[in-house]
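K.L.:
dropping the sequence and predicted coords here.
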Amino acid sequence: MRLVIIGQQAFGKAVLDKCLERGHEVAAVFVPPQGPGSKPDPLRAGAQEKGIAVHDPAKYTAPEPHEILEKLRPEIALMAYVTAFVPQSFVNLPKHGTVQFHPSLLPLHRGPSSINWAVMQGRTETGLTIFRPTDGLDEGPVILQKRVAIGPDDTTGSIYFDKIFPLGVEAIVEAAELVVAGKHTETIQDESKATYEGWVKEAECRINWANHVDFTYNIIRGCNPAPGAWTTVDGKKLTIFDARKHIAPTFGAVKGKKLGQITEVGPKSFTIHGQGGFIEVFRCRIGDGPKIAANEAGLAAGTILGS
């Protein structure tokens, strides 16, 4: 089939590679504009390496990208990690329209931080959806979905890179092939089950050590690798990345310890007392510094965080 890819970053590049591997003709790719002095986006670089035309419109609502797409005459378009607004007038131009990837089980977790929120809410399952894009945010009819388990120690990073990324690359190409072959179905999303969450920002990532360690651990996992769950130490931000939860077996295990207090510093970690247990930290960042191993943080037992 003859197609175009609208996307960016490693996911867009992987979809390009998969389409070529399966013998499809990629007429062009559409990518975000490249900023001065910045490295080429992986999808842009991959297309240029293979001699595929690259277009980078500032706005998809402008006439020029519509004219370009009309001249390309693709059978279908694939939206592979798109953050720009792409209007219905554009996505409807290919003969068989457009399919889009989203990393959640729509209509759950519409919005830009869908994996983060699924982990932060303590869900045990998420997945991905390939759907028809509309002018509403992640609201179009569903073509196919794939489910993945969220393990008790999974992070946003492990869910995306180890599970949703490879499955999503296969799924969006599979969906495009089904649509062009006329073998697909489209299911309207159930609005009564829809949820929407915005970007996970600094305020949502702040740790309150008075919360139960189950809740705190979900925040840490959901914000790892970005934007990072955080607390404070000596007036500086302490961002926590790799960590592990330990439930206190008895009251005696926490007797005399304050919430947010570092109770132990080991050769590879430091441990913090939380409500109902402990958070053991293996990787962190102090202030605006780089991510470091916990044993490089220089924190002492007895230090109280978050005050």
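P.N.:
Ah, there it is.

K.L.:
nearest residue to residue 232 in space, please, no chain neighbours.
P.N.:
residue 306 (5.7 Å; C-beta to C-beta, 6 or more residues apart in numbering). For the C-beta atoms, the positions are set from N, CA and C on the backbone; glycine is no exception.

K.L.:
the one you found and residue 259, how far apart?
P.N.:
8 Å (C-beta to C-beta, to the nearest Å).

K.L.:
overlap in contacts of those two?
P.N.:
residue 209 (C-beta atoms under 8 Å, 6 or more residues apart in numbering).

K.L.:
right, and the residue nearest to residue 232 touches residue 211 too?
P.N.:
No: using C-beta atoms under 8 Å, residue 306 is not in contact with residue 211, being 10.9 Å away.

K.L.:
anything in contact with each of these two?
P.N.:
Taking C-beta under 8 Å, 6+ apart as the contact rule, residue 306 and residue 211 touch no residue in common.

K.L.:
next up, phi/psi of residue 265, please.
P.N.:
Phi and psi for residue 265, reported as degrees, to the nearest 10, are phi -120, psi 120.

K.L.:
how many residues are close by it?
P.N.:
The number of residues packed around residue 265, counting by other C-beta atoms under 10 Å, is 17.

K.L.:
three-state assignment of the nearest residue to it once chain neighbours are set aside?
P.N.:
Residue nearest to residue 265 in three dimensions, not counting chain neighbours: residue 301, with 5.2 Å by C-beta to C-beta, 6+ apart. Reduced to three states with DSSP: H, G, I helix; E, B strand; the rest coil, the structure at residue 301 is coil.

K.L.:
thinking residue 301 is in contact with residue 269, fair?
P.N.:
No: taking contacts as C-beta under 8 Å, residue 301 lies outside contact range of residue 269: 12.0 Å.

K.L.:
of these two, give the one with the bigger neighbour count.
P.N.:
residue 269 (20 against 12).

K.L.:
contacts only, for that one.
P.N.:
Applying C-beta under 8 Å, 6+ apart, the residues near residue 269 are 280-282, 294-295.

K.L.:
residue 217: how many residues sit nearby?
P.N.:
Using other C-beta under 10 Å: residue 217 sits among 26 other residues.

K.L.:
buried residues, the helix or strand that contains it. List them.
P.N.:
Residue 217 is part of helix 213-222, with elements assigned from DSSP states H and E. Under the neighbour-count criterion of 16 or more other C-beta atoms under 10 Å, helix 213-222 has 213, 215-222 buried.

K.L.:
could you list the low-pLDDT ranges of the stretch 101-250 of the chain?
P.N.:
In the predicted model, the stretch 101-250 of the chain carries pLDDT under 70 at residues 250.

K.L.:
all the strands of it, residue numbers only.
P.N.:
With DSSP state E, counting those that start in this stretch as the criterion, the stretch 101-250 of the chain has strands at 125-131, 142-149, 229-233, 236-240, 243-247.

K.L.:
dump those to JSON lines, plus mean neighbour count and distance to residue 80.
P.N.:
JSON lines is the format used below for the strands of the stretch 101-250 of the chain (neighbours: other C-beta atoms under 10 Å; distance: least, C-beta to C-beta, whole Å):
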{"stretch": "strand 125-131", "mean neighbour count": "24", "distance to residue 80": "10"}
{"stretch": "strand 142-149", "mean neighbour count": "17", "distance to residue 80": "14"}
{"stretch": "strand 229-233", "mean neighbour count": "20", "distance to residue 80": "29"}
{"stretch": "strand 236-240", "mean neighbour count": "19", "distance to residue 80": "30"}
{"stretch": "strand 243-247", "mean neighbour count": "17", "distance to residue 80": "32"}
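
K.L.:
in JSON lines: these, plus distance to residue 106.
P.N.:
As requested, those are arranged in JSON lines below (distance: least, C-beta to C-beta, whole Å):
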{"stretch": "strand 125-131", "distance to residue 106": "4"}
{"stretch": "strand 142-149", "distance to residue 106": "6"}
{"stretch": "strand 229-233", "distance to residue 106": "26"}
{"stretch": "strand 236-240", "distance to residue 106": "30"}
{"stretch": "strand 243-247", "distance to residue 106": "30"}
